[in-house]
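>>> no sequence for this one, just the structure:
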């Protein structure tokens, strides 16, 4: 199979699918029309499927019996935001027709690439040494569909998983399949600090939760320098702060929330422990108390490219398109539910570059100017098809220990 040639043959169809999905996006867990569109495309190809309630879609391509099974994953949902009509330099080729909903992360491209790959794989299924599961996940942006979809996939069983995510700051035409950590584990937090309210003329008679928070925030910022391993990346950010109602009233409480992201679970555990210690000592110093609305507990959920799978991917891209297409690229400090799949199935999460200055693409994900270079989608299709072929015929044992907890227990603990 000349996979890149086959990918070029379906390129126009893939672009057409992406543009339709981009025009008619749906937010997390409300993807009824998107599910109908995807399942109709699977019917047209001839692929049987099931719709997992509150989970997504699983299509099945049967190759030769007795081989491995591989999951190929894409996401169905868009974001609740209004996109701009222009990208970084020019008018977008297509914009959302639905007010305040837009595919500004790339899920429209992910679905289109998976459907294009599915068509090629189905038409060449006699050459596949095993089975392919096409997983279209609902509610990725809010984590709403992963539980039901993963539960069903573990019931079916598989030997590995593959996913492609377009990447705004990787040059168009380049693809990264680096081994090791690729996207971050995390812990969210939401805290309420309670002090003692008072008049602005007598702060000495009050216990200001604002003063307490600002002191804590200074220490939280310094924590990365004074308490954590400098060799393990971590980011900590405050996303919201809420307190007070008038300029001359010292409020009695304050709430703040945010996230920490890390590429080493032990680093995340250390940060969580130190966060709690600093909060307790700072509140005590300011005569305030605190409570966790959402406790900072590190989650062992890194997106991690298993080394053998990454090597299969590297060889697949070299075989299908040439080694010059491969880029070494840093890990992305955002988090992704793909990590849940990788607790049970070894695999690769590939980054596909879409940054093209001439076309104005390269705006950050979730940005109103986000846009993709559509002509790189054939690269994602070729890489997906070739990886599938090569993974299914790989005979060595994978060095991978699957999660021994049930999906229910994994989610309960995280």
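Yep, it's here. Everything numeric in this text was worked out from a predicted model, so none of it was measured.

>>> quick check: buried residues in stretch 312-328?
When neighbours are counted by 16 or more other Cβ atoms under 10 Å, the buried residues of stretch 312-328 are found to be 312-314, 316-317, 319-321, 325-327. Any C-beta I mention is one placed from the backbone N, CA and C, and that applies to glycine too.

>>> make TSV out of the residues you listed and add distance to residue 413, secondary structure and pLDDT.
TSV is the format used below for the buried residues of stretch 312-328 (distance: Cβ to Cβ, whole Å; DSSP: H, G, I helix; E, B strand; the rest coil; pLDDT from 0 to 100):
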residue	distance to residue 413	secondary structure	pLDDT
312	31	helix	98
313	30	helix	98
314	33	helix	98
316	34	helix	98
317	36	helix	98
319	40	helix	95
320	39	helix	97
321	41	coil	97
325	39	helix	97
326	36	strand	98
327	35	coil	98
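
>>> and the nearest residue to residue 133 once chain neighbours are set aside, which of the three is it?
Excluding the flanking residues, the one nearest residue 133 by Cβ to Cβ, 6 or more residues apart in numbering is residue 71, at 4.6 Å. Counting by DSSP: H, G, I helix; E, B strand; the rest coil, the backbone at residue 71 sits in strand.

>>> kindly report the same for residue 135.
Following three-state DSSP, residue 135 is assigned to strand.

>>> test my guess that it contacts residue 52.
No - Residue 135 is beyond contact range of residue 52, at 9.1 Å (criterion: Cβ atoms under 8 Å).

>>> between these two, tell me which one has more neighbours.
residue 135 (25 against 20; other Cβ atoms under 10 Å).

>>> let me know the closest of the buried residues of stretch 312-328 to residue 397.
Nearest to residue 397 out of the buried residues of stretch 312-328 is residue 312 (Cβ to Cβ; 13.4 Å).

>>> for that closest one, give its distance to residue 389.
10 Å (Cβ to Cβ, to the nearest Å).

>>> and residue 232, by the same measure?
As judged by Cβ to Cβ, residue 232 and residue 389 stand 36 Å apart.

>>> so for those two, which sits in the more crowded spot?
Between residue 232 and residue 389, residue 389 has the larger neighbour count (other Cβ under 10 Å), namely 23 against 16.

>>> mind checking what secondary structure the more buried one has?
Applying three-state DSSP to residue 389 yields a three-state assignment of helix.

>>> my read: it touches residue 2, true?
No - counting by Cβ under 8 Å, residue 389 stays clear of residue 2, with 11.5 Å between them.

>>> secondary structure element holding residue 255?
Assessed by DSSP states H and E, residue 255 sits inside strand 253-262.

>>> run the chain-centre distance for that strand.
20 Å (Cα atoms, centre = their mean, to the nearest Å).

>>> circling back to that earlier point, just give me the neighbour total for the residue nearest to residue 133.
For residue 71, using other Cβ under 10 Å, the count is 24.

>>> that one contacts residue 338, doesn't it?
No - the criterion here is Cβ under 8 Å, and residue 71 misses it with residue 338 at 10.5 Å.

>>> anything in contact with each of the two?
Common neighbours of residue 71 and residue 338 (criterion: Cβ atoms under 8 Å, 6 or more residues apart in numbering): residue 161.

>>> list the buried residues in the strand holding residue 255.
Across strand 253-262, burial judged by 16+ other Cβ under 10 Å covers 253-262.

>>> output the contacting helices and strands for it.
strand 185-194, helix 209-226, strand 234-243, helix 265-285, strand 289-294 (3 or more Cβ pairs under 8 Å, 6 or more residues apart in numbering; DSSP states H and E).

>>> redo the ones you listed as a markdown table? Include distance to residue 35 and mean pLDDT.
Shown next, in a markdown table, are those (distance: least, Cβ to Cβ, whole Å; pLDDT from 0 to 100):
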| stretch | distance to residue 35 | mean pLDDT |
| --- | --- | --- |
| strand 185-194 | 28 | 97 |
| helix 209-226 | 42 | 96 |
| strand 234-243 | 31 | 97 |
| helix 265-285 | 34 | 98 |
| strand 289-294 | 31 | 98 |
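
>>> and these, which is most packed in?
strand 185-194 (a mean of 21; mean count of other Cβ atoms under 10 Å).

>>> what's the helix or strand that it is followed by packed up against?
Remark: after strand 185-194, the chain's next helix or strand is strand 198-199, criterion DSSP H and E. Helices and strands touching strand 198-199, as assessed by 3+ Cβ pairs under 8 Å, 6+ apart, comprise strand 249-250.

>>> pLDDT weak spots in the stretch 101-250 of the chain?
Counting by pLDDT under 70, the stretch 101-250 of the chain contains no low-confidence range.

>>> grab the most central residue of this protein for me.
Nearest to the geometric centre of the chain sits residue 336, at 2.8 Å (Cα atoms, centre = their mean).
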